[in-house]
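K.L.:
need coordinates for the below:
(one chain, ligands or ions: 1)
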Amino acid sequence: MLLNSTKSIIVFSIVATSLSLPLSYALSQGKSEMPFGGSQDVAFAKRLWSALKSADIVGANRINVRPFEGNEPHGSIQQVLDTNVKVQKRTGRVIVKVNHMGEGADIDTVHANPNKYVAAYTVMFKKPKGYDPENQDWFWVKYNPDGSLDTNPKGMMLAGRVAKGMDEGCIACHRSIGGDDLEILKK
Ligand code: HEC
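P.N.:
Down below sits the predicted model:
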């Protein structure tokens, strides 16, 4: 009798684990499949753009800082603004890089015509601690010149922990050549 009930407990627990394992695995996979481009990231990226636009950090009326020559994959001529911005109720540090490309784009022509050669805005925004602890809690986003989100070849929106864990992309490149805070210009 005693032996029997022990056996049935063992059998039960084996069934229970074999059922719960694939379920929790599936759940965790579903989560980690989306380090970026999910609906929350996209919604946040839109709010961030509006906040940046109101503060004249992006868009046609943005502050026209002195351009400089940059490297691939960012534009050949760049402008960088490093400041703080309030998104909803929280203020966070933001680094906005305006990437300029095209024939005729040089430091002087870009400064004189700041909207003529804009190819993209690449932005890093500091999220609260815990957002992405392994990568200094940066939110990465790439906007087209009109503020819409750029996508990767798979059609995923470039907003969030962009390409986290992959060999190429914002995080991989900034991790390999950036400083402790994954910043490259201030290394
Ligand atoms: C292959 C390397 C590489 C990739 C991929 C890359 N960057 Fe960068 N990034 C750089 C380099 C190099 C600089 C320094 C400026 C320069 O020389 O162009 C830089 C500078 C920046 C800066 C200015 C702050 C700093 O770190 O100095 C921002 C903001 C930025 N990148 C955002 C992004 C975003 C967003 C993505 C992805 C959509 C991205 N970067 C992908 C190489 C990369």
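
K.L.:
okay, CA-based contacts and neighbour counts for the rest of this
P.N.:
Fine.

K.L.:
distance of the residue most central in space within the chain from residue 130?
P.N.:
Against the mean C-alpha coordinate of the chain, by Cα atoms, centre = their mean, the closest residue is residue 140 at 1.9 Å. Distance, residue 140 to residue 130, by Cα to Cα, to the nearest Å: 15 Å.

K.L.:
got the domain ranges for this structure?
P.N.:
1-33, 35-177 (automatic domain parsing).

K.L.:
okay, these, which one's buried deepest?
P.N.:
Across these, averaging neighbours per residue (mean count of other Cα atoms under 10 Å) puts domain 35-177 on top, at a mean of 17.

K.L.:
now do the same end-to-end measure for that domain.
P.N.:
Using Cα to Cα, one end of domain 35-177 lies 21 Å from the other.

K.L.:
bridged to residue 118, which residues?
P.N.:
Note on residue 118: beta-bridge partners residue 100, judged by DSSP bridges.

K.L.:
re earlier: next, format the domains of the chain as CSV and append mean pLDDT and distance to the ligand.
P.N.:
Below are the domains of the chain laid out as CSV (pLDDT from 0 to 100; distance: least, Cα to the nearest ligand atom, whole Å):
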stretch, mean pLDDT, distance to the ligand
domain 1-33, 45, 18
domain 35-177, 96, 3
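
K.L.:
nearest to residue 183, out of those?
P.N.:
Of all these, domain 35-177 sits nearest to residue 183, with 6.7 Å by Cα to Cα.

K.L.:
off-centre distance for that closest one?
P.N.:
8 Å (Cα atoms, centre = their mean, to the nearest Å).

K.L.:
hang on, the earlier thing: show me what contacts the residue nearest to the centre of the chain?
P.N.:
Residue 140 makes contact with 122, 123, 124, 125, 158, 159, 160, 161, 162, 170 under the criterion Cα atoms under 8 Å, 6 or more residues apart in numbering.

K.L.:
so it: helix, strand or coil?
P.N.:
For residue 140, the assignment made with DSSP: H, G, I helix; E, B strand; the rest coil gives strand.

K.L.:
got phi/psi on the closest residue to it other than its chain neighbours?
P.N.:
In this structure, residue 140 finds its nearest non-sequential neighbour in residue 124, 4.8 Å apart by Cα to Cα, 6 or more residues apart in numbering. Note on residue 124: its backbone torsions stand at phi -120, psi 130 [degrees, to the nearest 10].

K.L.:
got the contact list for residue 124?
P.N.:
Contacts of residue 124 (Cα under 8 Å, 6+ apart): 94, 95, 96, 138, 139, 140, 141.

K.L.:
now those residues in a markdown table, with distance to residue 81?
P.N.:
As requested, those are exported to a markdown table (distance: Cα to Cα, whole Å):
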| residue | distance to residue 81 |
| --- | --- |
| 94 | 8 |
| 95 | 6 |
| 96 | 5 |
| 138 | 16 |
| 139 | 16 |
| 140 | 15 |
| 141 | 15 |
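
K.L.:
what helices or strands is the helix or strand where residue 45 lies leaning on?
P.N.:
Assigned by DSSP states H and E, residue 45 belongs to helix 39-54. Counting contacts by 3 or more Cα pairs under 8 Å, 6 or more residues apart in numbering; DSSP states H and E, helix 39-54 packs against strand 77-87, strand 159-160.
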